[in-house]
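Trainee: What would the 3D arrangement of this be:
(4 chains)
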Protein chains: 2
Amino acid sequence: MLSNSSKYAIKGVLFLALNSSEDRKIMVKDIAKPINVPQAYIAKLLQELVKEGIISSTRGPKGGFYLSERNKNVTVFSILNSIDGEKRLTTCMLSLEKCDNDKPCPLHNILSPSRKKILEILKTKTVKELALDVKQGHSYLPL
Amino acid sequence: MLSNSSKYAIKGVLFLALNSSEDRKIMVKDIAKPINVPQAYIAKLLQELVKEGIISSTRGPKGGFYLSERNKNVTVFSILNSIDGEKRLTTCMLSLEKCDNDKPCPLHNILSPSRKKILEILKTKTVKELALDVKQGHSYLPL
DNA sequence: TAAATAATATGATAAAAATCATATTTAAGA
DNA sequence: TCTTAAATATGATTTTTATCATATTATTTA
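Mentor: Next comes the predicted model:
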């Protein structure tokens, strides 16, 4: 479904949403363990996310990763988009070049409503909203 | 979303549904081109599908691949299941061990209805039905 | 301004998925 | 029964994804 990388990225960003702030930065080693992702791996991903403007960081002592208020409003889709690229979610299920409502592939008609729905959710749901769910005990972020 | 292998497999099976029958078998070289999949690759996939009972074949002269009447009633899901395994479609979006309605991951609540719907469709839709759509011009299988 | 600490840039290695190649087996027909 | 045509079994190669490792750069604080 999603790549490992983007799953890890979402977990990392969500962890930051729950535990960091402008003046409460978190070092990579303190992120890796609780979200159960190899440190060197999540480190690389976080760096990419910084470049994409999804999360923030400062280096040196007292440095680390965090989410600015702005960052908290990014959507889940933009995380996936910066790690996996958009196509993973939007491409034709059979990878036919020309697949649209006019010339749908055999799976298009039956699946595209659900796929559209998923995409719409991912494009509107923000990190902040997901974090709120966790805070309120409506969802969980272990392992 | 799906692996290349399972996309190819679906295209191959659908092609057989449209063009083959018990007494009209098709050789792998005549399948590969129209569905635009490397011959050696689709050959291997078709062999797996035979082993799984999804399609049929006989070897030697006049041999080839085909769908029995029974084969035409297999679901899209069983194709995906024999190539990719079930988990690809059913696993937690964040790969958390324990993710269910009781202890949902942050994506579970918002996406599981759509995912369930997709799964339900794949589990009920048969190859025969998809082929009929194509025959009636409601969907297309090129490239 | 030097030492220590953290992210960053870069790239090496390992594992999995995708792709390619071929010797072997089975069935048909001469 | 021999030849030929087809799938089958097996495995090699290539590409992509996942994972690991480290030298460099920036920032804080003494």
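
Trainee: Skipping adjacent residues, who's closest to A:P142 in space?
Mentor: Once flanking residues are discounted, A:P142 sits nearest to B:L96: 6.6 Å by CB to CB, 6 or more residues apart in numbering or on different chains. (C-beta placed from N, C-alpha, C; glycine too.)

Trainee: which residues sit in contact with that neighbour?
Mentor: Contact analysis of B:L96 by CB atoms under 8 Å, 6 or more residues apart in numbering or on different chains lists A:140-143, B:105.

Trainee: Recalculate using a threshold of 10 Å.
Mentor: Counting by CB atoms under 10 Å, 6 or more residues apart in numbering or on different chains, B:L96 touches A:7, A:11, A:36, A:140-143, B:103-108.

Trainee: The worst-scoring helix or strand of chain A on mean pLDDT and DNA strand C, any residue contact?
Mentor: The weakest-scoring helix or strand in chain A, judged by mean pLDDT, DSSP states H and E, is helix A:87-90 (a mean of 93). No: using CB under 7 Å from any atom of the strand, helix A:87-90 never reaches DNA strand C; the gap is at least 11.8 Å.

Trainee: So which bits of that helix are buried?
Mentor: By 16 or more other CB atoms under 10 Å in any protein chain shown, the buried positions in helix A:87-90 come out as A:L89.

Trainee: Please determine whether it lies in contact with DNA strand D.
Mentor: No: Helix A:87-90 is not in contact with DNA strand D by CB under 7 Å from any atom of the strand; minimum separation 8.3 Å.

Trainee: which secondary structure elements does that helix contact?
Mentor: helix A:76-84, helix A:108-124 (3 or more CB pairs under 10 Å, 6 or more residues apart in numbering or on different chains; DSSP states H and E).

Trainee: rewinding a little: which stretch of helix or strand covers the residue nearest to A:P142?
Mentor: B:L96 is part of no helix or strand when elements are defined by DSSP states H and E.

Trainee: where along chain A do the strands fall?
Mentor: A:56-58, A:64-66 (DSSP state E).

Trainee: And the contacts of the last one?
Mentor: Counting contacts by CB under 10 Å, 6+ apart, the residues outside strand A:64-66 that touch it are A:12-13, A:15-17, A:19-31, A:42-43, A:46-47, A:49-50, A:55-58.

Trainee: So which residues on chain A come close to DNA strand D?
Mentor: Counting by CB under 7 Å from any atom of the strand, the residues of chain A near DNA strand D are A:3-5, A:8, A:38, A:40-41, A:43-44, A:58-63.

Trainee: Top of those by number of neighbours, please.
Mentor: A:Y8 (24 neighbours; other CB atoms under 10 Å in any protein chain shown).

Trainee: Distance of it relative to A:V134?
Mentor: Per CB to CB, to the nearest Å, A:Y8 is found 17 Å from A:V134.

Trainee: try A:A17
Mentor: 8 Å.

Trainee: circling back to that earlier point, for chain B, find the nearest of the helices and strands packed on helix A:87-90.
Mentor: helix A:108-124 (4.7 Å; CB to the nearest CB).

Trainee: does chain B sit close to stretch A:51-60?
Mentor: No: using CB under 10 Å from any CB of the partner chain, stretch A:51-60 never reaches chain B; the gap is at least 16.0 Å.

Trainee: returning to that earlier point: ok, residues contacting the least confident helix or strand of chain A?
Mentor: A:1-3, A:6, A:77, A:80-81, A:95, A:115-116, A:118-119, A:122-123, B:1.

Trainee: Now a ChimeraX select for only the buried ones of those residues.
Mentor: Of the contacts of helix A:87-90, the buried ones go into a single ChimeraX selection, burial set by 16+ other CB under 10 Å:
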select /A:1,2,6,77,80,81,95,115,118,119,122 /B:1
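
Trainee: quick check, nearest of the contacts of helix A:87-90 to B:E129?
Mentor: B:E129 has its nearest neighbour among the contacts of helix A:87-90 in A:R115, at 19.0 Å by CB to CB.
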